[in-house]
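Enquirer: Can you look at this prediction? I've put the sequence above it.
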Amino acid sequence: MGSFSGIVAVVAVLAALLAGASCFVVVPPGPNITTSYDGHWLHAKATWYGSPTGAGPPDNGGSCGIKETNLPPYNSLTSCGNLPIFKDGKGCGSCFKIKCGNKVCSKKPVVVFITDMNYYQFAPYHFDLSGTAFGALAMPGRESELRRYGIIDLRFRRVRCKLAPKMKIAFHVEEGSNPEYLAVLVKFVAGDGDIVQMDLKQEGWPEWKPMRESWGAIWRMDVDYHTPLQGPFSIRLTSESGKVLVAPHVIPADWKPKTV
């Protein structure tokens with residue numbers, strides 16, 4: 001769990017949702033959000049969790065497997081998404097512009113990254129924002145006042161992720177990887193921000209082999225011990241809009257777990 005204030009915020013939200021036995025209604029999720037980038041604003045509900053000025057989870061991570069979301073390019077402007085936003089992990093890394101109409105809100109949109117999953121079902125679209133992201137919607141100096149509302153109405157639309165020009169895509173070889181099991185986390189994806197397919201090619205293989213999504217933004221390949229994995233490895237990424245990027249020999253022959 002997060003800080004005491006974060007726990008109080010969660011309790012306040014749940015109390016608001018459950019006040020009166022007939023007030024809490026499970027609402028089906030909306031259609032999946034895609035890469036149409038048509039500019040239309042949709043309606044959502046927003047809550048917040050964790051520390052008031054944090055990145056959500058106490059370990060600065062989340063259900064996508066991405067760590068250090070308090071650092072650039074995320075800068076704690078992160079959010080959980082419900083089913084049509086998180087999309088079983090295929091929404092990890094996608095970006096959304098959000099704004100609220102509460103009297104304390106600044107009316108200035110904020111861009112957030114999807115790095116976590118929420119399971120509430122009280123709105124077709126629901127953003128469970130980090131304390132930092134929720135506060136960023138407020139007028140200057142009124143961040144704490146806005147957070148005290150606990151739950152607010154939101155408007156949102158998907159946008160392309162804009163990262164620093166020199167920021168490169170990172171591949172993290174996950175702990176536990178070995179010659180029979182390779183798991184790779186991918187992050188810092190500009191544009192669509194998310195990955196819907198990841199393929200691997202070992203030196204000497206005639207063709208690419210598909211990896212399968214393990215969880216969040218982590219993709220894996222399992223092989224028989226008779227045919228161990230041997231680097232270097234090239235990786236091919238496909239984002240939701242169909243864009244393809246090939247990173248040749250990005251994982252070297254002497255690769256080790258827990259390295260980037």
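Expert: Now that the structure is in, tell me what you want to look at. Numbering: from 1, shown residues only.
Enquirer: Domain parsing of this structure, as residue ranges.
Expert: Residue ranges for each domain of the chain read 42-159, 170-251, as given by the TED database.
Enquirer: tell me how far the first one is from the chain's mean position?
Expert: The chain centroid and the centroid of domain 42-159 are separated by 10 Å under Cα atoms, centre = their mean, to the nearest Å.
Enquirer: Ok, stretch 207-224 next?
Expert: Mean C-alpha position of stretch 207-224 versus that of the full chain (Cα atoms, centre = their mean) differs by 19 Å.
Enquirer: List the buried residues in it.
Expert: Of all the residues in stretch 207-224, those buried under the rule 16 or more other Cβ atoms under 10 Å are 211, 213-214, 216-221. Any C-beta I mention is one placed from the backbone N, CA and C, and that applies to glycine too.
Enquirer: Which of the residues you listed fall within strands?
Expert: Applying DSSP state E to these, the entries found in strands are 213-214, 218-221.
Enquirer: where do the strands sit along the stretch 51-200 of the chain?
Expert: With strands called from DSSP state E, counting those that start in this stretch, the stretch 51-200 of the chain shows them at 78-81, 95-100, 110-117, 126-130, 152-159, 170-173, 181-187, 197-202.
Enquirer: Out of these, which gets nearest to Leu229?
Expert: Comparing those against Leu229 with Cβ to Cβ, the closest turns out to be strand 181-187 (5.4 Å).
Enquirer: Name the nearest residue to Lys258, ignoring sequence neighbours.
Expert: Spatial nearest neighbour of Lys258, chain neighbours left out: Glu175 (5.2 Å); criterion: Cβ to Cβ, 6 or more residues apart in numbering.
Enquirer: was I right about that neighbour contacting Lys256?
Expert: No - between Glu175 and Lys256 there is no contact under Cβ atoms under 8 Å: 10.2 Å.
Enquirer: hang on, the earlier thing: tabulate the strands of the stretch 51-200 of the chain (TSV), appending mean neighbour count and mean pLDDT.
Expert: Listed next are the strands of the stretch 51-200 of the chain as TSV, based on neighbours: other Cβ atoms under 10 Å; pLDDT from 0 to 100:
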stretch	mean neighbour count	mean pLDDT
strand 78-81	28	98
strand 95-100	21	97
strand 110-117	25	98
strand 126-130	28	98
strand 152-159	20	97
strand 170-173	18	96
strand 181-187	21	97
strand 197-202	19	97
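Enquirer: Include distance to Met139 when you put the ones you listed into CSV, please.
Expert: What follows is those, written out as CSV (distance: least, Cβ to Cβ, whole Å):
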stretch, distance to Met139
strand 78-81, 20
strand 95-100, 11
strand 110-117, 13
strand 126-130, 17
strand 152-159, 13
strand 170-173, 36
strand 181-187, 32
strand 197-202, 42
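Enquirer: so which of those gets nearest Gly39?
Expert: strand 152-159 (6.3 Å).
Enquirer: ok, that closest one: who's next to it in the sheet?
Expert: Note on strand 152-159: by DSSP bridges, its sheet partners are strand 42-49 (antiparallel), strand 95-100 (antiparallel).
Enquirer: Could you check how sure the model is about the first one, as an average pLDDT?
Expert: Model confidence over strand 42-49 averages 97 on the pLDDT scale.
Enquirer: so where is the stretch 1-150 of the chain shaky, pLDDT-wise?
Expert: 1-24 (pLDDT under 70).
Enquirer: Go again with 90.
Expert: Scanning the stretch 1-150 of the chain with the threshold set as pLDDT under 90 gives 1-26, 39, 101, 107, 119-122.
Enquirer: Which residue ranges of it form helices?
Expert: Secondary structure of the stretch 1-150 of the chain by DSSP state H, counting those that start in this stretch: the helices cover 4-18, 83-86, 131-136, 143-147.
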